[in-house]
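return atomic coordinates for the entry below.
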Amino acid sequence: MGDTTAKIDLKKALLDPAGTFERPDEIVRRRDLPRSTKLRLLEEWEREARELEVAEEEGITGGEASMLSRVRQAIAALGADDEVEHQAASTKHG
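Residues are numbered from 1 along each chain as shown. Purely as a prediction, here's the structure:
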């Protein structure tokens, strides 16, 4: 899973990025995926991490609490946070 050049099953990865990649930053480093696909993968992983975080808060599971922050860091590495801030700033009337 750690090889950033190995072929992946994209359909499977989009359904379960955590089952395809060991860490979110692996997605960022992939040269064979367009940025839009990387963001889709990371957004799905973020959704899964949020659900896990809620379950952990409710005492349903135990696990890795830092996954959500690692996914967010990977999204930020792609510049997605900057785009969101820029879009929000450009729609404000001042």
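
what ranges does the protein have for its helices?
Taking DSSP state H, the helices of the chain run over residues 10-15, 17-20, 24-29, 35-57, 67-77, 80-91.

point out where the chain drops to low pLDDT.
Low-confidence regions of the chain, defined by pLDDT under 70, span residues 1-5, 60-65, 81-94.

can you lay out the helices of the chain as a markdown table showing mean neighbour count?
In short, each C-beta sits where N, CA and C put it, glycine included. As requested, these are arranged in a markdown table below (neighbours: other Cβ atoms under 10 Å):
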| stretch | mean neighbour count |
| --- | --- |
| helix 10-15 | 13 |
| helix 17-20 | 17 |
| helix 24-29 | 20 |
| helix 35-57 | 16 |
| helix 67-77 | 18 |
| helix 80-91 | 10 |
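
for Ser69, give its distance to Lys12.
Ser69 sits 25 Å away from Lys12, going by Cβ to Cβ, to the nearest Å.

now swap in Gly59 and tell me
31 Å.

and Leu41, by the same measure?
11 Å.

do I have it right that Glu53 meets Leu68?
Yes: if you go by Cβ atoms under 8 Å, Glu53 and Leu68 touch, sitting 5.5 Å apart.

what is in contact with those two at once?
Counting by Cβ atoms under 8 Å, 6 or more residues apart in numbering, Glu53 and Leu68 have no shared contacts at all.

tell me the contacts of the spatially most central residue of the chain?
Residue closest to the mean C-alpha point of the chain, counted by Cα atoms, centre = their mean, is Leu42 at 2.0 Å. Counting by Cβ under 8 Å, 6+ apart, Leu42 makes contact with Pro17, Pro24, Ile27, Val28, Val71, Ala74, Ile75, Leu78, Ala80.
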